[in-house]
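Provided below for reference: sequence and predicted model.
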Amino acid sequence: MGQEIERKFLLPEYPEQRIEQGELKIVTRHSIDQTYLAIDGGQELRVRKISDLDTGEVFYTHTFKDGKGIQREEIEYRISEGLYTQMVEAVRAIPLVKERITALWNGVTVEIDVYTQLELAVLEVEFDSLEEAESFQAPDWFGKDVSTERQYSNKTVWKELQNKAFR
């Protein structure tokens, strides 16, 4: 099983000026539809439809995660469109939709997620070790560190979206 070690920040504003000035270099732009199939405590199963906004390529993934906090176990692999469609139709849920910008900043890869159904933008940084994650000094423009705040986890945000939709 792979390890995901990441920190998440509540991005106060989209860093358009940093992109224009070349401080933040965009690598990829994706639209992601994310649906949870099962959630139990720290475990989750989800599927994603990922559309590359520059090339038009579309691919699908299935992910299992286990754990809470900045370090979790993760298994992710590609699946066919048919499997994705069957799983999404089986749960009859509204996908969480976000635009993800992957960019380079100061030699660090960052992922900026802008949620289209909510007024929410976060910035994530993945690390190779827990020590590296804990010693990382984020600049002020990243915003508040919400790495361990459950209300900003994708599964919590997705659950809230379902509750609003089915009221």
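Right, received. Where do you want to start?

which residue sits closest to Gly67, ignoring its sequence neighbours?
Gly42 (5.2 Å; Cβ to Cβ, 6 or more residues apart in numbering). Yep, even glycine has a C-beta here, placed from its N, CA and C like the rest.

Can you give me the buried ones in stretch 130-140?
Ala133 (16 or more other Cβ atoms under 10 Å).

Stretch 67-80 now?
For stretch 67-80, the neighbour count (16+ other Cβ under 10 Å) marks 70, 72, 74, 79 as buried.

Quick one: residues contacting the last one.
Applying Cβ atoms under 8 Å, 6 or more residues apart in numbering, one finds that Ile79 lies in contact with 47, 60-62.

from those, which is closest to Val27?
Thr61 (18.2 Å; Cβ to Cβ).

Make sure that closest one is actually in contact with Glu74.
No - counting by Cβ atoms under 8 Å, Thr61 stays clear of Glu74, with 11.1 Å between them.

out of the contacts of Ile79, who's nearest Gly107?
Thr61 (26.7 Å).

So what sits opposite the residue nearest to that closest one when sequence neighbours are not counted in the bridge?
Sequence neighbours aside, Arg48 is the residue nearest to Thr61 in space, at 4.8 Å (criterion: Cβ to Cβ, 6+ apart). Counting by DSSP bridges, Arg48 is bridged to Gln34, Thr61.

Skip the chain neighbours and tell me the closest residue to the spatially most central residue of the chain.
Compute the mean C-alpha point of the chain, and by Cα atoms, centre = their mean the closest residue is Asp113, 6.3 Å away. Nearest non-adjacent residue to Asp113, counting by Cβ to Cβ, 6+ apart: Lys98, 4.6 Å away.

out of the contacts of Ile79, who has the most neighbours?
Val47 (22 neighbours; other Cβ atoms under 10 Å).

List the residues that contact Ser129.
Counting by Cβ under 8 Å, 6+ apart, Ser129 touches Ile5.
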